[in-house]
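Chemist: fold the following, please.
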Amino acid sequence: MSIALEMTPIADRARLWQLLVASTAIVCAVVSAKIFPMKMDAISEFPLPLCAADASSGSSGNKVELISSNALPDIPGKRVTIVRVTYGPGGFTPPHRHAGTVTAYITKGQIRSQLAGGPVEIFEVGQSFFEPPGAIHLVSANASNTDWAELIAVFVADEGAQLTTLIEP
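Modeler: Numbers count the residues shown, from 1 in each chain. Alright, predicted model coming up:
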């Protein structure tokens, strides 16, 4: 008894290849769906309170973007979070305070800033300022009504802390 083996036609091979690609995509989608919510939950604890400040600020062009957020392995219970804050022309954040410490570095334009008890200062590209824990940030604004401004903020705070709290008038 002999068995004749046929070569798989090219059309069938293409269909098999499509099936393999589709199966791989489905597996990746299922794995991503299980992992993605965990990542979003972890991220949402940190920048969203800062983003909430944008809703009541002076310009619809204001934006806060998460750059990274990582637990500090050598300091249990602490986390470093880095965000990019963009102010549209005339944009500002209402008075607020932050959990932990904040160091801000100006990357575009000029930022007007004032901590409670201190003078109003204007910081330019390449300059930075520091906010100690609990300091009230009375003024945080784009110093220009025509140009954009941007800063990178580095927070060091307790795990799960609300990074920004608006101060009621």
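Chemist: after the worst-scoring helix or strand of the chain on mean pLDDT, next one along is what?
Modeler: Ranking every helix and strand in the chain by mean pLDDT, DSSP states H and E puts helix 48-55 at the bottom, with a mean of 41. Using DSSP states H and E, the helix or strand that follows helix 48-55 in sequence is strand 63-71.
Chemist: flag the shaky bits of this structure, pLDDT-wise.
Modeler: Scanning the chain for pLDDT under 70 picks out the ranges 1-60.
Chemist: ranges for the strands of it?
Modeler: For the chain, applying DSSP state E gives strands covering 63-71, 78-87, 92-93, 96-98, 101-108, 110-115, 121-124, 128-131, 136-142, 149-158, 164-166.
Chemist: mind listing what's buried along the first one?
Modeler: If I follow you right, that is strand 63-71. Of all the residues in strand 63-71, those buried under the rule 16 or more other C-beta atoms under 10 Å are Lys63, Val64, Leu66, Ser69. Just so you know, the C-beta spots here come from the backbone N, C-alpha and C atoms, and that holds for glycine as well.
Chemist: kindly report the same for stretch 135-145.
Modeler: Ala135, His137, Leu138, Val139, Ser140, Ala141, Asn142, Ala143, Ser144.
Chemist: who does the fifth one bridge with?
Modeler: Same thing as Ser140. Counting by DSSP bridges, Ser140 forms beta bridges with Thr93, Ser113.
Chemist: that's all I had, so thanks and see you.
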